[in-house]
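**Q** here's my sequence, what's the structure:
(chains A and B)
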Protein chains: 2
Amino acid sequence: MAGIPSFKDDEHYLPELAEFVGIPSISRDSHRPYMLAAAEWLAGQLAFANGRLVETDGNPVVTGEWLGAPGAPTVLVYGHYDVQPTGSPEEWHTPPFELTVTDGRAYGRGATDDKGPILVVLKTAQAYIEQFGRLPLNVKFLFEGEEEIGSPNLPAFLRQHAEQFSADLVISADGAQWRPTEPSLSVASKGLVSLDIEVSGATRDLHSGRYGGTVQNPVHALAELLAGLHTPDGLVAVPGFYDGIEDLTPQQRADIAAVAWDDDAYAAELGVPALHGEPGYSTLERLWMRPTLEINGITGGGPYTVIPHLAGAHVTCRLVPGQRPEDVLDAIRAHLAAVVTPGVRVAVTAEKGGAAAYTIDPGHPAIASARAALTMVYPGEEVIFARIGGTLPATVLFEEVLDAKTLFFSFSIADEMLHAPNEFMRIRRLGEGMRAWSELWRLLGEQAPGAMSASTWAAGAAK
Amino acid sequence: MAGIPSFKDDEHYLPELAEFVGIPSISRDSHRPYMLAAAEWLAGQLAFANGRLVETDGNPVVTGEWLGAPGAPTVLVYGHYDVQPTGSPEEWHTPPFELTVTDGRAYGRGATDDKGPILVVLKTAQAYIEQFGRLPLNVKFLFEGEEEIGSPNLPAFLRQHAEQFSADLVISADGAQWRPTEPSLSVASKGLVSLDIEVSGATRDLHSGRYGGTVQNPVHALAELLAGLHTPDGLVAVPGFYDGIEDLTPQQRADIAAVAWDDDAYAAELGVPALHGEPGYSTLERLWMRPTLEINGITGGGPYTVIPHLAGAHVTCRLVPGQRPEDVLDAIRAHLAAVVTPGVRVAVTAEKGGAAAYTIDPGHPAIASARAALTMVYPGEEVIFARIGGTLPATVLFEEVLDAKTLFFSFSIADEMLHAPNEFMRIRRLGEGMRAWSELWRLLGEQAPGAMSASTWAAGAAK
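**A** Down below sits the predicted model:
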């Protein structure tokens, strides 16, 4: 088998993407019939690989395998069929679960995170099977339904089925490329800790006039706690938060400084009056190399004259190498308990699914193959080594349980409104992605099995 | 005519209270059919006084008059048929708009604020008419439908109809007595300023990983702004907020110190771990004599991994004499504009219906009559001069437009969950209220007309 399959026009694949996006598989809602419908759609697409659902303690995993390439490496393709909630429906210009195509873009919740990028893999594999009768290497599939809620059940599931999913390398269809102006390979992703803070005061809401001035208002107390999580100039003010992190090396700073970047254009694109963040680092350094603590939501009372008795916030931290999720959580708990004002109570609830940060060495052989595949699709363009500010909890798990590094090879782009209203995928990325995946598989198929495993590579790199 | 009418058992009046409470006349929602239904119910009860609706630029006013007592004073009875929103439905133990009677209490939204206290007046007047064929003085009625949203249309309406509503004294069926342990007369109410703060950042919600660390999070900025509205120990930190307020006199401090009060019992009743407020003042001094700034509600983002692009808060200030609502609003605007962090925008929107604080001199003749009426109903109990932490914007208006002081004579009690879930009225207060109103009217009917007007009294007090 030489060369890669041929593909039809991008538009040919849109009806199937519309089917997939049309299923509102929001894992945070976990409406079981929708989750099952999305999983079964996916299993149907994997017919060539004995596609099937396997139950977990949460939403089922969709799996399958094609192992007809003895002597060639085995890769595990990872992705997720669940999607984020839509957020405020009135901010969507089109119905979130009706794929709407306009100006070269396909709009819909999950279009680019992660249903479109999964379709790229499915169609790549199907084209190989149809045109060559085989794949150029052994491929296993693992599509989970809980990525957007932090993959709470994946660790136990993968440990129970470690042998079944053993592979030389994981290739993730999740993990967006960072911008549309040049091809990039992601060599790191941030970790995640999620928690809820609840401040409570009286046993009931109180009339703001008839009780005002006598008790602490839980919203005031929460505002103080939240304001105290950062210094005014943007440093996270939780003692211990930065423990364990190595400072950037001069080489890292130089590499990042070499990437074309325009703060003003970035601010203008986002519509913010100024950029903001931890002092002492450039925007790209903060985005790629420094941890964050973001308050994602606040709630309490309403537009009426009460002293609310409850006020709450949802917080997520994005972690970098050296930070342990459990230590970060403990540091936040200790800080809040130490500074909370008298007159109220504060409770912190950790969300399941914390994850450490992940990195892959730019010298890993999978990176070389991926770079070559991208160069084939984007001739003459420099492939940048980028980092993912988002979190892909499965990566750390795959390394620990399967001894396999994860190569991010998504054809999503980070500007495609992931997690926001009006999510979309650029249609041209379907065909570009299929050709790139085809070439990547072809190149990886020529590698010696075993050379790519995490421990083998680490041992080689240490020499 | 000597003496006062007789009344039936309290239970006799509950079906009509249930009718009135059953109409969800929430002025903040302003669902016109409900507002009209409540107004029309009220007009029907005022048949003896030619009860009728009069349109305003908002919800209609219900009015009527019985003027068959030449030579006697004229009083204007004030109340409101609108109610607060229910707040969170799951916090109600009974349906908010089905009057539910248990353990001597009638539960329902508006039961005590202000529909029950209005029923007391209606039944008092009807009993006089039925049993004596007349009232002991001239009575005009003015029930508005926008009190809970700050009476935005009452000023213009009253100025247009000043002659029609002219009176020697206003008696308010609104303005709760402050606690159930003794009868009290309120000699002051606080003013009100309401505003919304909105902080905006990017043009859309941003993925907290893919953009985290590069922009200011509007929720962080809002938390800083809100935390900065108070010092940690409870002083309002807005420069100029306290301008114009006279400090408490030694006599005021002594009077307040003489009122039976137990901080621990109060904290236990509210369920708070400690009381809290402006340093240097006792709890009752803060409640009665000092202004407050409360954040009533906060909103922004949600429990998902985004940097929200909007975050907002609703704020109300309760004012004391010397503070001008417009100056307080300006001070807050200036403060927020001065301290807002770069990277976001802040907008302040004032709600219509600001009001200054109100006072009536404890020596005013209406106070003497009211005290005597309460003593008749509660023999042997001391009548306390209390203050209302809440706001009755109409009082200042009545003084300005009608030259009439307002006597608070509600039979609501401040612990009856006003503005909160599970609002109720003590049933015994229906009969107590009717007898007290009957005696009050009888005593006021013996006064010389004109002696009670605001300017006459002020001139007399100045001598």
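
**Q** measure A:Gly68 to A:Leu226 for me?
**A** With the distance defined as CB to CB, to the nearest Å, A:Gly68 ends up 56 Å from A:Leu226. All C-beta spots, glycine's among them, are computed from the backbone N, C-alpha and C.

**Q** check whether stretch A:322-335 contacts chain B.
**A** No - Stretch A:322-335 is not in contact with chain B by CB under 8 Å from any CB of the partner chain; minimum separation 13.9 Å.

**Q** CA-only coordinates of that stretch in PDB, if you can.
**A** C-alpha atoms of stretch A:322-335 as PDB (Å, rounded to 0.1, in the frame of the first residue of the first chain):
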ATOM      1  CA  GLY A 322       4.700  20.800  38.800                       C
ATOM      2  CA  GLN A 323       1.300  21.500  40.300                       C
ATOM      3  CA  ARG A 324      -0.600  18.700  41.900                       C
ATOM      4  CA  PRO A 325      -4.400  19.100  41.600                       C
ATOM      5  CA  GLU A 326      -5.000  17.900  45.200                       C
ATOM      6  CA  ASP A 327      -2.400  20.400  46.600                       C
ATOM      7  CA  VAL A 328      -3.900  23.300  44.700                       C
ATOM      8  CA  LEU A 329      -7.400  22.400  46.000                       C
ATOM      9  CA  ASP A 330      -6.000  22.100  49.600                       C
ATOM     10  CA  ALA A 331      -4.300  25.500  49.200                       C
ATOM     11  CA  ILE A 332      -7.500  27.200  48.100                       C
ATOM     12  CA  ARG A 333      -9.500  25.500  50.900                       C
ATOM     13  CA  ALA A 334      -7.000  26.600  53.500                       C
ATOM     14  CA  HIS A 335      -6.900  30.200  52.100                       C
END
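
**Q** contacts for that stretch?
**A** Here stretch A:322-335 makes contact (CB atoms under 8 Å, 6 or more residues apart in numbering or on different chains) with A:191-193, A:195, A:228-229, A:237-246, A:291, A:293, A:315, A:317, A:319, A:348, A:350, A:354-357.

**Q** tell me which residues in it are buried?
**A** By 16 or more other CB atoms under 10 Å in any protein chain shown, the buried positions in stretch A:322-335 come out as A:Gln323, A:Pro325, A:Val328, A:Leu329, A:Ala331, A:Ile332, A:Arg333, A:His335.

**Q** list the ones among the residues you listed that fall in helices.
**A** Using DSSP state H, the subset of the buried residues of stretch A:322-335 located in helices is A:Pro325, A:Val328, A:Leu329, A:Ala331, A:Ile332, A:Arg333, A:His335.

**Q** tell me which of A:Gly68 and A:Leu226 has more neighbours.
**A** Between A:Gly68 and A:Leu226, counted using other CB atoms under 10 Å in any protein chain shown, the more crowded position is A:Leu226 (26 against 13).

**Q** any idea how far the more buried one is from chain B?
**A** Separation of A:Leu226 from chain B (CB to the nearest CB, to the nearest Å) stands at 4 Å.

**Q** got it, and A:Ser282?
**A** Distance from A:Ser282 to chain B, counting by CB to the nearest CB: 10 Å.

**Q** okay but that residue is in contact with A:Val259, surely?
**A** No - at 9.9 Å, A:Ser282 does not count as touching A:Val259 under the criterion of CB atoms under 8 Å.

**Q** can you pull out the helices in the stretch 1-150 of chain A?
**A** Remark: helices assigned in the stretch 1-150 of chain A by DSSP state H, counting those that start in this stretch are A:14-21, A:32-45, A:116-132.

**Q** can you list the residues of the stretch 301-450 of chain A near chain B?
**A** That would be A:301-308, A:311, A:313-314, A:316, A:318, A:341-345, A:388-391, A:414, A:417-422, which are the residues of the stretch 301-450 of chain A within reach of chain B (CB under 8 Å from any CB).

**Q** can you say which of those residues are buried?
**A** Taking 16+ other CB under 10 Å as the criterion, what is buried in these is A:301-308, A:311, A:313-314, A:316, A:318, A:341, A:343-344, A:388-391, A:414, A:417-422.

**Q** and A:Leu192, helix, strand or coil?
**A** Under DSSP: H, G, I helix; E, B strand; the rest coil, the three-state class of A:Leu192 is strand.

**Q** who touches it in this structure?
**A** Residues near A:Leu192 by CB under 8 Å, 6+ apart: A:150, A:316-319, A:325, A:353-355, A:391, A:393, B:209, B:305.

**Q** strands - which of those residues land there?
**A** Cross-referencing the contacts of A:Leu192 against strands under DSSP state E gives A:Thr316, A:Cys317, A:Arg318, A:Leu319.

**Q** what's the farthest-apart pair in the residues you listed?
**A** Based on CB to CB, the longest span within these runs between A:Thr316 and A:Leu319 and measures 10.0 Å.

**Q** let's have the ones in helices among the buried residues of stretch A:322-335 in CSV, adding pLDDT.
**A** Output for these, formatted as CSV (pLDDT from 0 to 100):
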residue, pLDDT
A:Pro325, 95
A:Val328, 97
A:Leu329, 97
A:Ala331, 98
A:Ile332, 98
A:Arg333, 97
A:His335, 97
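
**Q** and stretch A:261-270 with chain B, contact?
**A** Yes - interface with chain B: stretch A:261-270 contributes A:Tyr266, A:Ala267, A:Leu270 (CB under 8 Å from any CB).

**Q** ok, so of those, who is nearest A:Leu99?
**A** Distances from A:Leu99 to the residues of stretch A:261-270 next to chain B, taken by CB to CB, are shortest for A:Leu270, at 25.8 Å.

**Q** tell me how many other residues crowd the closest one.
**A** Neighbourhood size, A:Leu270 [other CB under 10 Å]: 19.

**Q** which ones are touching the closest residue to it other than its chain neighbours?
**A** Once flanking residues are discounted, A:Leu270 sits nearest to B:Ala202: 4.2 Å by CB to CB, 6 or more residues apart in numbering or on different chains. By CB under 8 Å, 6+ apart, B:Ala202 lies in contact with A:Leu270, A:Gly271, A:Val272, B:Tyr211, B:Val215, B:Ile307, B:His309.

**Q** looking at this, B:Ala202 is in a strand?
**A** No - B:Ala202: not assigned to a strand; according to three-state DSSP it is coil.

**Q** and the gap between it and A:His31?
**A** From B:Ala202 over to A:His31 the distance is 30 Å, taken as CB to CB.

**Q** ok, A:Leu293 next?
**A** In this view, A:Leu293 and A:His31 are 31 Å apart by CB to CB.

**Q** between those two, which has more neighbouring residues?
**A** A side-by-side neighbour count of A:Leu293 and A:His31, using other CB under 10 Å, places A:Leu293 first with 23 against 13.

**Q** the more buried one pairs with what?
**A** Beta-bridge pairing of A:Leu293 under DSSP bridges involves A:Cys317.

**Q** coming back round to it: restricted to strands, list the contacts of B:Ala202.
**A** Residues of the contacts of B:Ala202 located in strands (DSSP E): B:Ile307.

**Q** any chance of a ChimeraX selection covering the buried ones in the contacts of B:Ala202?
**A** Of the contacts of B:Ala202, the buried ones go into a single ChimeraX selection, burial set by 16+ other CB under 10 Å:
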select /A:270,272 /B:211,215,307,309
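
**Q** which one of the contacts of B:Ala202 sits closest to A:Ala370?
**A** B:Tyr211 (24.7 Å).

**Q** surely the closest one meets B:Ile307?
**A** Yes - with contacts counted by CB under 8 Å, B:Tyr211 reaches B:Ile307, the gap being 6.0 Å.

**Q** quick check: A:Thr299 touching A:Ala311?
**A** Yes - in this structure, A:Thr299 is within contact of A:Ala311 by CB under 8 Å, at 7.2 Å.

**Q** identify the contacts common to the two.
**A** B:Ile298.

**Q** re earlier: quick one: which of the helices of the stretch 1-150 of chain A is nearest chain B?
**A** Chain B sits nearest to helix A:116-132 of all these, at 14.8 Å, using CB to the nearest CB.

**Q** is the closest one anywhere near chain B?
**A** No - using CB under 8 Å from any CB, we find that helix A:116-132 stays clear of chain B, coming within 14.8 Å at best.
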